[in-house]
Structure formats: C-alpha cells, structure tokens
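Chemist: need a structure here:
(2 chains)
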Amino acid sequence: MLHIVACIKQVPDTKVIKMNPKTNTMDRASAPAILNPYDAHAVEEAVRLKNKYGGTVSVVTMGPPPAVKAIRKCIEIGADEGYMISDRAFAGADTLATSYALTKAINKISEIKPVDLIICGKMTIDGDTGQVGPGIARRLDIPPLTSVNKVVEMQKEDSYLVVHRKLEDGYEIVQTTLPCLLSVEKEINEVPYSSFPNMLKAARYQPVIWSVNDLEDIDRKQLGLKGSPTIVAKVWGPPKPEGGKILEGNPDEQVQQLLSVVLDKKELFAEMRGSK
Amino acid sequence: MSFEDYSGVWVFIEENEGKIAPVSLELLGAGRTLADKRGVELAGIIIGENVTGLSDTVFEYGADKVYVYDQPIFQLYRTESFMKALLHCSEKYKPEIILYGATSTGKDLASAVATDLPTGLTADTTELDVEEDTGLLLASRPAFGGNIMATILCKKYRPQMATVRPKVMKALQPEKGRAGQLIAEQIDIKEDDMRTKVLKIVRETTKKIRIDEADIVVAGGKGLGSEQGFELVHQLAKTLGAVVGASRDVVEAGWIEHHHQVGQTGVTVTPKIYFAIGISGAIQHIVGMKNSGMIIAINKDPDAAIFNSCHYGIVGDAFEIVPLLVKEFHKALHGEEVEV
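Modeler: Down below sits the predicted model:
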C-alpha cells in the first residue's frame, strides 16, 4: 500500500494582510491564518492518488502550535494522518533550514511507515520561493519533479511514476522512480468542498506533535535562524516612482486626452488603420 | 570557508532546442554590471548536447569566459544530471555569485544546487546589486504576496545565488565578434544511473496567447467587481488588438486563466502600452509590468497605489470610462461607430 506524505504550511493570507507603513512590518493579527492554497492542491492530489491506487496520506508541517488548524484542514480534504514539528529551535528558518527540519520529520514518519511519494505545493504565498520541496528531495536523495500539473500513472511494484511537468511553452512527460518528490501546480486539480464525515473527523483530530528533541540525529546548527544562510537585511514599502499625470476633467474630456496620447504611438496603430 | 578563494560572476545559460533563453542574455547584462563593480570576470555556464557553438553568443552578450558541458547525457534538462555538472563546475572554479533565470528549469536547478552546496538562494529577484568591497550580493524581491520589498543577503556562504525573473533585467547590445575564453569540461555520468527520463516534450506555443510578447496589454483587477464586469477588459483589448492581462486575485477568483496573470507569480510583461483597469497596484503586480512603455491606470480610488506607477491616470469609474474608450478607439482605429 502506498504511503504519500504531503508537506504543508499555515500562512497568513497575504491578500488581506495589513502592513505598518512606518515600520514595514506585517500586522499578522490583521490576516487570518490559512492553509497555503498551493498545499491544498498537494493534499488533494495525494488523496486522489490514494483513492485510485490505495494507501495512506499523511501530512507534515513545521510551525507554531496554532498550525494544528492547517493540519485539520488537510484531514477535511481527506488526509489520514497529520504530523507537526513545533519548537522554538525551528524559528526563523529560511528554505534551506526548513527543508532540513522537514526532512528529519519525514525520516521519522518513514520509520512508522515507509514513504513512497512526497507531494508539496508549488510554493507558499508568504515565502513565494518554491525551494523547500526540491531541498527535501535533495536531502533524501530522491528525484525532485517541480511544476507538475498532471500525474499520469504510478506503480509501486515497478517503482514507476509518470507526470507532466509544466514548461514555459508547453509541458514535458517525465518518468521517474519511486520514492520521489513532486511539487504541484494549481491546475493539477480542483479542491472540492469537504465532506461532512471528514469535517467531523477533522474537528476532533489531534496530530502527532514532535519537538526538536523527538527528531533523531539532528544537527541544531542547521536549524532555525542559525541554520539559515539567507537573511533579510532590509524591508521597504512599495517603491514610489514619480506619480504619473492624472488626467483632469469630466469622463469625456479624460477619455479624449487619453486617446490623443495613445494614438500618438503611431507605430502601433498605423498598420491597423491602414488596413481599414 | 575562505571567501578569497571565490571569484567571478556566473550566469547559467538556459538552452532550449538550440536557442538560448532570452532571460539568460538579460542576466549576462545584469551580471556584467556586478562583475565590473567587483572587478572580476563574468562567465556563462552552458550544459547540453551540441551547445558549444552557443558560446559565441554568450561572449557577444558580455561574458569573458564560458564553461561548457557538451555531452549526450545533457540532451534534455533533468535536475539530476544538470545539478551534477553545475556542482562540478562550481566546486572546481569557485564563483562568488551564480545567477539563474526564474524559469521552470532555472528555479528547479538552482533549488537543487543550493541544497547540495549548501548555500543561500534568493528566488524571483527583481533588483540586483553588489557591495564593491565585500562582494556581498544584494538581492531584492517582493515579499509577502507583494506587500513589501525585501533585500536578502547571504553573508556566510559562497557562492551566493539568485534566480531572476525574465524581462526584469536588460540584455546588453550584442557586440559582434566579441571573444572570450572557452573552457570545455566533462563529467562522468552514466545514463543507467539516471532515475529520471524525459519521455516527450510537448510545445504549445501556438495554442496559448503569449502575454509577455504582446505590444498592448489590457489588464483588469478585482475593482471590476465580477466576471461580467471583467468583460470590459476583453472589449477594450479586442478593440485595440491587445492581449488581456489580470491581477492575481482575478485569476484566483477564476475569472480568467493563470497564463494571463501579470506579476511576481504570473508573467512579467513589457508591452508598449499597458492598461491597468480596476487594479489597486500591489507591488507584486507592479514588478510584473513596470517596464512597460506607457502605463495607463484607471481606478475609482484616487489613493490607489497604481497611480504612483503609471504615466497617465484616470480617477474614475471603469464602467463609465472604459465603454467610452472602446467607442472612441473603435471610431479612431476602425473608422466605425459601435454601441457599447
């Protein structure tokens, strides 16, 4: 039976987050914490594969205690088990340190039950990098396949997986061996509304929570802020380039002014007018 | 790690079917500036099959050196094989900076290489600079969904790495006949050791509209209220012979497909004219369109950030302004009256 692990993260909803314009810090309280939208697709894909081929779906996350909520959301989608690593030692991790900590957690999960496939969302909406998935794959020495927008087929017995990887101008069909790691695009599936039984199960669900002491062979120097090669040196508000010319007058006058500047771009429209 | 052993700026040259990806040429331009500021060499690294000939172009666009891995195993991109070549080259020649295009290939490769080196990697950079004396790369990018800009440093590791969005940097004018030093390298990898195989590549160039190649883009945002409201954008685009663009929340609302999304997690566009209609102007969006020739913003909210980034702005109701524009443009361009 397959064991699929989806890596997930609870993130602030960056669409509604408010920034303090003076300090350029986020007012986290202003934004609801949600399951990273790309990760919902990762979990959904894991559940679909489970339904097709049989098996178990586990989710794993690194985060503060309230991130349990994101795991419950995954149980609603149809995941079977949830694991969380939560410890101050993980705080301030960049993608390199995050992939290290999650790899240690996945190692521990695979002692409970060997892992055949790992699925991550394309990226998180707060970090926007997409680097954690490939990082985990490298640390586990399994093939990473990013930009996956379709899983064509999978066979555990023959250790075989075929997917479509999105390219700038199309896609490629790639075959690889199991275990491997996929990071998936949003188009891979649609996350349906949760079923009532799953919602009930999720409401009561308590994930397994590990602290740094529960993870074996861990090098604390590679964790958190200490283990992060990248640092944020400066943040600043959106650049304020010189404001443009605001066209005055009533709508008709505004439109006429705009028309004259746009049509002045003769090289763009000459051909069009000529053809009429 | 002694930083003194590390010198030079590298650009990973991405090649598809014998052609260099435009972003790689743009990065040679950006890399040239960094290398000159540091007084070091700029190098391109090409990995592929039958790619040695591409080095001439890489020299013409500003490189002093080109490292080439020209072997059949590199015929198609695979993380496993390309990563090995890049690690081999990086460990042998120790560059201080490596830049990659933020394409599916560049991001995939850079993430894997960064883990193995290990080193820091900044994704989707939109501004690059370097500290002259320390060689510290200042890689800036929008963060938190485009709410702020952040400058990311990698102080303790070398090389420093960043991926850069296509069309954000400018390529240099190629200098015909400009030459440099070609260094042919090889590594020993067997096909049998490869776990991943590319079975087929399917190109869809003709199917999808390439918004990044359009001369005019008419983009709409959540300010249009609904999918029906977004119709206005389609109407104006049709009149102008333009391509439709959209902000991230419009795509997330499902009004239009993702390949129309302009911005950090969408497409970077550089049309001659860009219309932003009902778009508030999150920095995430701005970085995706700020290099457009003429930016025209239409928004009800006079305080909308978009007015700080446009050349011409109309504070007004899109439902009033855009139909007028459609009518007037139609008359001017097609010589006929339309009912809108």
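
Chemist: host element of the closest residue to B:I45 other than its chain neighbours?
Modeler: Counting by Cβ to Cβ, 6 or more residues apart in numbering or on different chains, B:I45 lies nearest to B:Y67, which is 4.6 Å off, once chain neighbours are set aside. Yep, even glycine has a C-beta here, placed from its N, CA and C like the rest. Using DSSP states H and E, B:Y67 falls within strand B:65-70.

Chemist: after that strand comes which helix or strand?
Modeler: helix B:79-93.

Chemist: roughly how far out does that following helix sit from the chain middle?
Modeler: Averaging C-alpha positions (Cα atoms, centre = their mean, to the nearest Å) puts helix B:79-93 23 Å from its chain's average.

Chemist: by contact count, what packs against the helix or strand just after it?
Modeler: Going down the chain from helix B:79-93, the next helix or strand is strand B:97-101, by DSSP H and E. Judged by 3 or more Cβ pairs under 8 Å, 6 or more residues apart in numbering or on different chains; DSSP states H and E, strand B:97-101 is in contact with strand B:9-13, helix B:22-38, helix B:104-116, strand B:160-164.

Chemist: and the angle for the second one with strand B:160-164?
Modeler: For helix B:22-38 and strand B:160-164, the angle between their directions (axes from the mean of the first three to the mean of the last three Cα atoms, to 10 degrees) works out to 140 degrees.

Chemist: For the chain, which element, helix or strand, carries the lowest mean pLDDT?
Modeler: Using chain A. The helix or strand of chain A with the poorest confidence is helix A:266-274; it has a mean of 64 (mean pLDDT, DSSP states H and E).

Chemist: Sorry, I should have been clearer: chain B.
Modeler: Scoring the helices and strands of chain B by mean pLDDT, DSSP H and E places helix B:283-289 at the bottom, with a mean of 88.

Chemist: Give the next helix or strand downstream of that helix.
Modeler: Remark: after helix B:283-289, the chain's next helix or strand is strand B:294-299, criterion DSSP H and E.

Chemist: That next one: partners in the sheet, and parallel or antiparallel?
Modeler: When pairing is defined by DSSP bridges, strand B:294-299 lines up against strand B:273-277 (parallel), strand B:312-315 (parallel).

Chemist: out of those, nearest to B:V250?
Modeler: The closest of those to B:V250 is strand B:273-277. By Cβ to Cβ, the value is 10.6 Å.

Chemist: Might you name the residue of the stretch 1-150 of chain B sitting closest to chain A?
Modeler: Relative to chain A, the nearest point of the stretch 1-150 of chain B is B:G145 (2.7 Å; Cβ to the nearest Cβ).

Chemist: Report the secondary structure element holding that residue.
Modeler: Using DSSP H and E, no helix or strand contains B:G145.

Chemist: What residues does the stretch 51-200 of chain A have near chain B?
Modeler: Contact residues, the stretch 51-200 of chain A versus chain B (Cβ under 8 Å from any Cβ of the partner chain): A:94-96, A:99, A:123, A:125-126, A:128-131, A:133-135, A:137-139, A:143-147, A:162, A:165-177, A:180, A:186-187.

Chemist: Let's see the pLDDT reported for A:T23.
Modeler: Listed pLDDT for A:T23 reads 68.

Chemist: again, but for B:T205
Modeler: Per-residue confidence at B:T205 stands at 66 (pLDDT).

Chemist: what's around residue 1, how many residues?
Modeler: All of this is about chain A. 10 (other Cβ atoms under 10 Å in any protein chain shown).

Chemist: Let me rephrase: I mean chain B.
Modeler: A count of nearby residues for B:M1, using other Cβ under 10 Å, gives 8.

Chemist: pretty sure it contacts B:K155?
Modeler: No - contact criterion Cβ atoms under 8 Å: B:M1 and B:K155 do not qualify, at 11.2 Å.
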